[in-house]
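Q: I'll drop the sequence and a predicted model, then ask my questions.
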Amino acid sequence: MSPKVSKEHMEKRRANILEAAKQVFIEMGYERTTMKHVMEAAGVSRGGLYQYFLNKEDLYEAILEEGLEKAVDDNGLLLEKEVDSYWPLLMKRMFGESMEPDDRLDPLAPSNLEFFITGRHDERRRQYGLNRYQLGLQVYEELIKAGQECGEFSKTYDSKTMARSIVSFIDGLALDHAILPEEEIQVKKQSLLFVEYLKMALEVERGNRLKK
């Protein structure tokens, strides 16, 4: 009789596999990566890996969901609190803790693109992509709508349209990152320009003056 494994141990082991898999996907891309590569990187047996994930697609979806679910949960917590300004929260959601654009992109971005493009004719993956897109929109739409309702942001453009423009911009950078040399993309310059576009579209300066 095999010894019982605690739930905490199972969760830790799963997290370790996901972290190892993430590094493999960053290095090799989605298509070239195999479950054998992940087994070797994570230091687990075939049975140990398939105990948690049915196949490579299932494994990659778990990696994708990890980041997005955290963003959705964080948004919920933020919107429960009273805040002075939603603009810094929007910048934090787009650019991380620094709230400032830089030349770095999500290292998984090219693999994400590969995952969805190679599965564009697969109905299951198309539906998964749509659901993920809707969640991504929700993260930005909620912040923008909250800023509009308190008078900080202009209502000239509806919150969902603004959220779509943000997601399209980020996805466009990911596409460039996958096929162009880094020096051609100029991530920071493009991002700074996009931030100015957001300020104009949302009339951020005007909204802050009105709140005062």
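A: That came in fine, so what should we check first? Residues are numbered from 1 along each chain as shown.

Q: just the helices in the protein please.
A: Counting by DSSP state H, the chain has helices at residues 7-28, 35-42, 46-50, 56-80, 87-95, 109-118, 123-149, 159-179, 182-185, 187-202, 204-211.

Q: Looking at those helices, spot the one closest to Asp102.
A: With respect to Asp102, and counting by CB to CB, the nearest of the helices of the chain is helix 187-202 at 5.6 Å. Bear in mind the C-beta positions are built from the backbone N, C-alpha and C, glycine included.

Q: Touching that closest one from outside, list them.
A: Contacts to helix 187-202, defined as CB atoms under 8 Å, 6 or more residues apart in numbering, come from residues 87, 90-91, 95, 101-105, 144, 147, 153-154, 156-157, 162, 165-166, 169, 173, 177, 204-205.

Q: What average pLDDT does that helix get?
A: Per-region confidence: helix 187-202 scores 96 on mean pLDDT.

Q: Could you list the buried residues of that helix?
A: In terms of neighbour count (16 or more other CB atoms under 10 Å), helix 187-202 has its buried residues at 187, 191, 194-195, 198, 201-202.

Q: give me phi/psi at Glu100?
A: In this entry, Glu100 is assigned phi and psi values of phi -130, psi 140 (degrees, to the nearest 10).

Q: Hmm, Met94 and it touching each other?
A: No: Glu100 lies out of contact with Met94 (CB atoms under 8 Å); the separation is 9.9 Å.

Q: The two: who's more crowded?
A: For Glu100 and Met94, the more surrounded residue by other CB atoms under 10 Å is Met94, and the numbers stand at 20 against 14.

Q: pLDDT below threshold where in the chain?
A: Segments of the chain classed as low confidence (criterion: pLDDT under 70) are 1-5, 206-212.

Q: Since that was my last question, I'll sign off now.
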